[in-house]
Structure formats: C-alpha cells, structure tokens
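# Provided below are the primary sequence and the corresponding predicted coordinates.
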Amino acid sequence: QVQLVESGGGLVQAGGSLRLSCAASGRTFSIYAMGWFRQAPGKERQFVAAIRLNGGSTYLADSVKGRFTISRDNAKNVVYLQMNSLKPEDTAVYYCVADKEKVSTQPGEYEYWGQGTQVTVSS
C-alpha cells in the first residue's frame, strides 16, 4: 500500500503563486508515476500534471503549461506542484495520485489518491 498526503494549499490572489507538496509513504519503491488532478465544484476531476519517478519525464495539461511545474525529490518521496500566475479558474481541490505501472491523464488509471488540498484563487 501507498499513502499520499498533500500540503501547501490555501488562499491566494490572482497572479500569485503556491507550491503543493505530496509526501508518499508505505511501499514507495513500487511507485512508477505520481501526479496531480483537480476538481472544482460541480465539475469532473481534471488532469493537471504527472511525472515518472525514474527519469523525471513530465506531463502537463494545456491549461497549466507555462504556469505550473511538477518535480520530485526521490530521496524524500515527495512530489511538488509549483503553481505560478494563478487564475481564479485554478480554484479547486487538488489531489495527489500515484500508480505502480503507468502514467496517465485519466483519473481512473491511478491506484492511489490523497485526501486533497483546497486551492482558492481570488480575483
């Protein structure tokens, strides 16, 4: 089993920045990829970013390219989401995800999920 705990959410003005962290514990050696999804009220979960832990290949949704960056610290079993130039439409609960076999933009493909952290961007 793998446990994921997110931190770093909060309230920020438009144009500001936040950095989310996701700490993995348990059978972390089995993780192939980690990532982030978000869900705004009344909307479906949306892919944000993902990273392969070996090699570090990254994937970003078009809506966040140029503003968000995903990175990892394998020694600490932590993945980060640096969010810059935040917009009100980025407001959502952000979920950390992990999987043992694949990297994907589809939420159903990830085996492990964190509890989520709220990000609110005011205009």
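Good, I have the coordinates.
# and the gap between the spatially most central residue of the chain and Ser123?
Residue closest to the average C-alpha location in the chain (CA atoms, centre = their mean): Trp36, at 2.3 Å. Separation of Trp36 from Ser123 (CB to CB, to the nearest Å) stands at 23 Å. The way it works is simple: take the backbone N, C-alpha and C, and place the C-beta from them, glycine included.
# got it, and Gly8?
According to CB to CB, Gly8 and Ser123 sit 21 Å apart.
# so which of the two has more stuff around it?
Using other CB atoms under 10 Å as the criterion, Gly8 and Ser123 rank with Gly8 on top: 16 against 9.
# I'd say that one and Ser17 touch.
No - using CB atoms under 8 Å, Gly8 is not in contact with Ser17, being 10.7 Å away.
# Phe47 bridge partners, please.
Per DSSP bridges, the residues bridged to Phe47 are Phe37.
# now do the buried residues in the helix or strand hosting Val119.
Assigned by DSSP states H and E, Val119 belongs to strand 117-122. For strand 117-122, burial by neighbour count (16 or more other CB atoms under 10 Å) applies to 117, 119, 121.
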